[in-house]
Structure formats: structure tokens, C-alpha cells
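> with the sequence up front, the predicted model follows.
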Amino acid sequence: MIHTRAAVSRTAGSSYVLEDVTLEELRPDEVLVRIVGAGMCHTDMLPRNPALGMDLGPIILGHEGSGVVEQVGKRVAGVRPGDHVVISYASCGTCRNCLRAQPAYCQEFELRNVSGRYADGGTSARGSDGQPIANRWFGQSSFADHAVATERNVVVVDPELPLGLLGPLGCGLQTGAGAVLNEMRLSPGQSVAVFGAGAVGLAAVMAAKLAGASDIVVVDLHESRLDLAVSLGATRVVLGTKDNVVDEVKGAGPGVDFSFETTAVTEVISAAVEVLDRPGTAVLVGAGMGQLAVSPHQLSGRKITYVLEGNAVPQLFLPLLISFWKQGQFPFDRLIQTYPLDDINAADADFRSGKTIKPVLLTGQPSDQERP
């Protein structure tokens, strides 16, 4: 048995509670990671929204973890204790899509990532009351001092890197950058409109600049985020409260080659289709309750797709993003604000209000109450 501490979401709508948790012995393909940092993502809010009725609690959330491997299962060959790792999404490794190097579309993706449990329905964590706690959120549940992952969903990184800041690469930043580089395959001179200047949208902005986009238009409700978007590569920005957002995005031209939608708001999804030139492609990634409603004629020469995890193979794509960061071309650290794990509820509040773009929870750090 492994004893650790975790931020547990007991019921939808309730605050996180720091609790002592016991983890079972590792399965053969698993690794125990001492978490150093964990990004907070919009997807972590979904099980905590009573309106969605997911009812996964009690659950340990967090799916952008980074840390140091402490133990490995008996069949683990490519990861060793002491390795520094970033943890990404889970996949089975044996279905046809995994074998085609498309693990983001693993046939067990939902079971292994958004159920909070193993694919067989089990869990390996218990609270001090002896009752099960779901701890397989995206194959990691990293809002904790320790997380259990698998060899397949950890990426070994250089121990000289700032490990605590790398966690967001495993999901949000991978999703935004991957949508541009892997899914759109945006070419130099093409154009893109990004709806939502959160971490995912701004990762797309940085990737579009890397790819040589001639026009990068960003739409958001917060002027401060639009200013940041410009500093990261946006060529034009549009305040989302305007009545003529579509016209503002299209400007004097026929529309953009690509649009990228991160908000999952019905009206914004519609706008992401309307701003397209023909041909044009809208890439959707927002998780929420918004609906896609289009008339068939709107799809003349246009395509719409929904992309998971930037269609990325983490072991290949995350080292690429890190190399771009080291060259100063993907400055994702500018989006991050750190908080001690003990201050998770403050981080959650700042994230919901829009005050913080990408909270990262650091373990082993003093809370505000504990600082001198």
C-alpha cells in the first residue's frame, strides 16, 4: 500500500478537500509518479458541474501532471525510478487506432480517460474511511502528491528542465498546438481564426505563428487576453462582445482558411463556421454543452471536425513542443500562474473567473496561510 495526499472532489459543485489516500499495489504496466506540478484545465471542471450530471465523485481530478517516477510495475521496461516525466492521456495500445499511431482515438478513450476509473470499472485508491475513490482521470488523477499512470501515458523529459511547469504540455497545450500542426497542417501564408484566448487557444496562436500563418485572428471577451494574444503572434484581435464578430474576423476578405473553436458555446461554434472561406476547415475542441447547428449549404466547400488531444502521439509531440520552447518559439510559461496544492480552491476560483489563464498546482509548497 502507498499512502499519499490528494485533493478530492467528493460531489459535483463542492469544494476540493485535501485528504489522506491509500493507493493499491501497482499493476504490471503502471508507474507511481511523485507529482511536482499539475495544470488545471477546463475539462477538470466538467465532473464538478452539477448541470452535467456526470456524478463521478468522490474523484481525484487533474490530468496535466509532471513529476518524478518512484516505482514501476514488473512489466515496465522504458521508464525507471528517478525519471522525470510529463503525464498525458491514456490509451490501450492494442486497438486498431493505437496501432495506427492514433492513440487520441483509442477505442477505449472514454473508458480510460473520462470515467475516472480503469477500463474494467475499478479504481486503486481509497480514502481514510476505506471507501473507493476514483483515481484514473485521464489515466493519472494528478491533483495529488502521487499519481498512478501507465508506461504508455508518461513521457520522459530532460531532468534539467523546470519540471513543475511542464504538466500543461500533456493536455491543454498539446491540444491547441496539435490542432494546428497535426490536424490543420497549416501551411505558410494560410490564415486562422482562434475563438477563445485561454491556454488552448493561445497554444494554437503560438503554433500558427510557428507554422508561418499570414493572418492569425483571435476572438475573446477579455481585452487583457487579446493583448497577450498579440504579443504571442496574433495579427488581429476581435472583442467577442461586438455585434459583428463574423464580419470583423473576415475583414475585407472572403474568410479564413481555418478556424479553431475552444469555448463549446453554440453561438461561437456557429461563428467559427461562418468565418470560413471556401475551402475552409473548422476544428472544434471545446468541451461543454454547446450544440453544432448548420444548414447543409453552409458546408459547401467547408469541413468541420472535432479533435481530441491535438491528434498527437505524446511521446513524439511533447518533445517537439519542448524543443520549440527552448528556442523561444513556444513560450507557454507566459500563460502559467503557480499555486500550492493546498490552495487548489483559490486556483479553481481564479481559473473560473478568468483571472488566471493556466493555474499550475505545485506540491510541497506552502499555502498562503503558511507563508511568513
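All right, it came through fine.

> Three-state assignment for the residue of the chain most remote from its centre, please.
Ranked by distance from the centre of the chain (CA atoms, centre = their mean), the top residue is A252, with 34.1 Å. When classified by DSSP: H, G, I helix; E, B strand; the rest coil, A252 comes out as coil.

> what about it, distance to D215?
In this structure, A252 and D215 are 11 Å apart, going by CB to CB, to the nearest Å. To be clear about C-beta, it is placed using only N, CA and C from the backbone, and glycine gets the same treatment.

> equivalent analysis for A147, please.
Distance, A147 to D215, by CB to CB: 41 Å.

> quick one, which of the two is more surrounded?
Shown here are A147 and D215; by other CB atoms under 10 Å, A147 has more neighbours (30 against 18).

> and stretch 16-36, how far apart are its ends?
Terminal residues of stretch 16-36 are spaced 19 Å apart (CA to CA, to the nearest Å).

> just the buried positions in that stretch, please.
Judged by neighbour count using 16 or more other CB atoms under 10 Å, the buried positions of stretch 16-36 are 16, 18-19, 21, 23, 26, 29-36.

> point out where this structure drops to low pLDDT.
For the chain, the stretches with pLDDT under 70 are 53, 366-372.

> which stretches of it form helices?
96-99, 109-113, 172-178, 199-211, 223-232, 245-250, 266-274, 314-326, 344-353 (DSSP state H).

> dump those helices into CSV; add mean neighbour count as well.
CSV is the format used below for the helices of the chain (neighbours: other CB atoms under 10 Å):
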stretch, mean neighbour count
helix 96-99, 14
helix 109-113, 19
helix 172-178, 29
helix 199-211, 27
helix 223-232, 17
helix 245-250, 19
helix 266-274, 20
helix 314-326, 18
helix 344-353, 17
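
> format these as JSON lines; extra columns: distance to Q291.
Listed next are these as JSON lines, based on distance: least, CB to CB, whole Å:
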{"stretch": "helix 96-99", "distance to Q291": "26"}
{"stretch": "helix 109-113", "distance to Q291": "20"}
{"stretch": "helix 172-178", "distance to Q291": "21"}
{"stretch": "helix 199-211", "distance to Q291": "20"}
{"stretch": "helix 223-232", "distance to Q291": "25"}
{"stretch": "helix 245-250", "distance to Q291": "18"}
{"stretch": "helix 266-274", "distance to Q291": "5"}
{"stretch": "helix 314-326", "distance to Q291": "30"}
{"stretch": "helix 344-353", "distance to Q291": "23"}
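
> now do the contacts for the residue nearest in space to the middle of the chain.
Most central in the chain under CA atoms, centre = their mean is G172, positioned 2.5 Å from the mean C-alpha point. G172 makes contacts with 39, 41-42, 64, 198-200, 203, 358, as judged by CB atoms under 8 Å, 6 or more residues apart in numbering.
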